[in-house]
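In: here is my input; please provide its structure:
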Amino acid sequence: MKKLLLTASAVMLFAGAAAIPAPAASPTSYQVTGPVLAMDADTITVQKGNEKWQLAKGTAAVPAGVKVGSKVTIKYTMTAASITAR
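Out: Residues are numbered from 1 along each chain as shown. The predicted structure follows:
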């Protein structure tokens, strides 16, 4: 009887563990390098070739001494703001 109970418990434990989803893969990271064109509390704008890239700072800390004209490299990921079914 004890063996049956232990076996049943083990099967339920492993079946439950199999149902737990694996963590999602980390999103691909990208980077942009160029001179800073503008900066405010929430965003930083850099020049990449002929394009102006405005990125939200999020929780990233801007190093001391970075100002308009400084050359920076910004690493970022793309995150969905909303998803709508069509």
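In: quick check: W53 vs A80, distance?
Out: W53 is 19 Å from A80, where distance means CB to CB, to the nearest Å. (Each C-beta comes from the backbone N, C-alpha and C, glycine too.)
In: who's more crowded, those two?
Out: Of the pair W53 and A80, W53 is the one with more neighbours under other CB atoms under 10 Å, namely 16 against 6.
In: element containing that one, please.
Out: strand 51-56 (DSSP states H and E).
In: output the lowest mean pLDDT helix or strand found in the protein.
Out: Every helix and strand of the chain was ranked by mean pLDDT, DSSP states H and E. The lowest is helix 2-19, at a mean of 50.
In: following the chain past that one, name the next helix or strand.
Out: Next along from helix 2-19, by DSSP H and E: strand 29-39.
In: how far does the next helix or strand after that next one sit from its chain's centre?
Out: For strand 29-39, the following helix or strand on the C-terminal side (DSSP H and E) is strand 43-48. Computed by CA atoms, centre = their mean, to the nearest Å, the chain-centroid distance of strand 43-48 equals 19 Å.
In: try stretch 51-71
Out: 18 Å.
In: and if you look at stretch 41-48?
Out: On CA atoms, centre = their mean, the centre of stretch 41-48 falls 18 Å from that of its chain.
In: now what about it, what contacts it?
Out: 32-39, 52-57, 62, 72, 74 (CB atoms under 8 Å, 6 or more residues apart in numbering).
In: what mean pLDDT does the strand holding W53 have?
Out: The average pLDDT for strand 51-56 rounds to 96.
In: which element follows it toward the C-terminus?
Out: Downstream of strand 51-56 (by DSSP H and E), the next one is strand 71-77.
In: need the nearest residue in space to the spatially most central residue of the chain, chain neighbours excluded.
Out: Nearest residue to the geometric centre of the chain (CA atoms, centre = their mean): T77, 5.1 Å. In space, and not counting its chain neighbours, T77 is closest to P27: 4.3 Å by CB to CB, 6 or more residues apart in numbering.
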